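Trainee: Give me a 3D structure for the following:
(one chain, ligands or ions: 1)
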Amino acid sequence: MTPPSDLPVWHLAGAGNMGTLAAFYLRAAGFPVVVRRPSPARKTLTFEDRRAPRTLDLPAAPAGPIRHLVVACKTPYSAAALAELPLAPDVTVLRLQNGLGSLDGLLPAGADLIEVVTTSAVKGRHPTHHLVAENQTWMGRARGGPAPAWFDTLAAHWPGLEWAAPIRERQWRKLVANAVINPLTGLYDVPNGRLLEDPDLRARADRLADEADTLLGALDPAWSGGSRQQVAAVARATAGNTSSMRADMQRGAVTEIDAINGWLLRQADRLGLDLPAHREIVAAVLEHSPAP
Ligand code: KPL
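Mentor: Numbers count the residues shown, from 1 in each chain. Next comes the predicted model:
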């Protein structure tokens, strides 16, 4: 375990649902947490299981280089959130965002980028956030590698947190679920479970899942496929949920389509593959939501 005097100070860029969740567990583990973006905040996290609500006072960050950063803003705001932050050349970054590649080109070359995949769910708006499902969370680097020294301290206070080496398969599984469920539920304005009930939606979901399998299999022949079944399992487990993209579209906000389906399309372009169902759905979402 890391001795308390060596506990790093975590800077938070994005204090929404996911940022509040990370801040809560980091604090529970004894790490100081300060806010970089947007500003100092008082947050309340309540729990579905009726644990006492916890108020988090997140002070503004002191001046000086950032060595440990949590990026938890929505993906379209990544560049703005990181602009002019004094990142140390070897900054450790925890990325708690949907999609892939949202921090490409935004971090110093020596940064240690740790990806976070969670199946926990937090709902709400500033300043009140509600932990509705406390499930599993994985952290790890896309290329693999051992956990940093602070990880065991955090894992002792973050239920269901595991180190994944490498984390890529988990990221790809999450990406596919988001690439199918989010745009369809956003466009049709339906809860996740409707994808299983409506035959037309189910057929569209299956096409998106199959195209994702084709691409991911081309990127890595070891990819085991099965995205139709995996997406259906996520839609079943979250049947009553409003996906994050549906919520964004309902409030007229910019969506994360570019980091989710856009990432798949960029990889497909590189490989000379066409993903017509993803191309069409990206165009449809962009037509119905503000430009990034
Ligand atoms: O992660 C999600 C999201 O809404 O972004 C899913 C898995 C689709 C659950 O709603």
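Trainee: neighbours around the residue of the stretch 1-150 of the chain found nearest the ligand, how many?
Mentor: Nearest residue of the stretch 1-150 of the chain to the ligand: residue 98, at 5.5 Å (Cβ to the nearest ligand atom). Where you see a C-beta, it was placed from the backbone N, CA and C, and this is true even at glycine. By the measure other Cβ atoms under 10 Å, the count of residues near residue 98 is 23.
Trainee: Test my guess that it contacts residue 179.
Mentor: No: at 9.7 Å, residue 98 does not count as touching residue 179 under the criterion of Cβ atoms under 8 Å.
Trainee: residues bridging contact with the two, i.e. touching both?
Mentor: residue 260 (Cβ atoms under 8 Å, 6 or more residues apart in numbering).
Trainee: Can you give me every residue that contacts the residue of the stretch 1-150 of the chain closest to the ligand?
Mentor: Contacts of residue 98 (Cβ under 8 Å, 6+ apart): 75, 174, 178, 182, 244, 256, 259, 260.
Trainee: and the residue nearest in space to the middle of the chain, what is it in contact with?
Mentor: Here the mean C-alpha position of the chain is nearest to the C-alpha of residue 97 (Cα atoms, centre = their mean), at a distance of 2.5 Å. By Cβ under 8 Å, 6+ apart, the contact list for residue 97 reads 18, 71, 72, 73, 74, 75, 78, 256, 259.
Trainee: what's the closest non-adjacent residue to the third one?
Mentor: Spelled out, that is residue 72. Spatial nearest neighbour of residue 72, chain neighbours left out: residue 19 (3.5 Å); criterion: Cβ to Cβ, 6 or more residues apart in numbering.
Trainee: Report all helices and strands that the host helix or strand of residue 57 contacts.
Mentor: When elements are assigned from DSSP states H and E, residue 57 belongs to strand 54-58. Contacts defined by 3 or more Cβ pairs under 8 Å, 6 or more residues apart in numbering; DSSP states H and E place strand 54-58 against helix 17-28, strand 33-37, strand 41-47.
Trainee: Report the contact partners of residue 35.
Mentor: Shown in contact with residue 35 (Cβ under 8 Å, 6+ apart): 11, 12, 15, 41, 58, 59, 60, 61.
Trainee: For the last one, give its distance to residue 25.
Mentor: The reference is to residue 61. Plainly put, residue 61 is 19 Å away from residue 25 if you go by Cβ to Cβ, to the nearest Å.
Trainee: quick one: the strand or helix carrying residue 195 to chain centroid distance?
Mentor: Here residue 195, judged by DSSP H and E, is contained in helix 194-197. What separates the centre of helix 194-197 from the centre of its chain is 24 Å, taken as Cα atoms, centre = their mean, to the nearest Å.
Trainee: interface residues of the stretch 1-150 of the chain facing the ligand?
Mentor: Residues of the stretch 1-150 of the chain lying close to the ligand by Cβ under 6 Å from any ligand atom are residue 98.
Trainee: quick one, phi/psi of the residue nearest to residue 39 when sequence neighbours are not counted?
Mentor: Nearest residue to residue 39, sequence neighbours excluded (Cβ to Cβ, 6+ apart): residue 60, at 6.7 Å. Here is the backbone geometry of residue 60 (degrees, to the nearest 10): phi -70, psi 150.
Trainee: Residue 40 is in contact with residue 60, correct?
Mentor: Yes: counting by Cβ under 8 Å, residue 60 sits close enough to residue 40 to count as a contact (4.3 Å).
Trainee: Could you report the neighbour count for residue 125?
Mentor: The number of residues packed near residue 125 is 9, by other Cβ under 10 Å.
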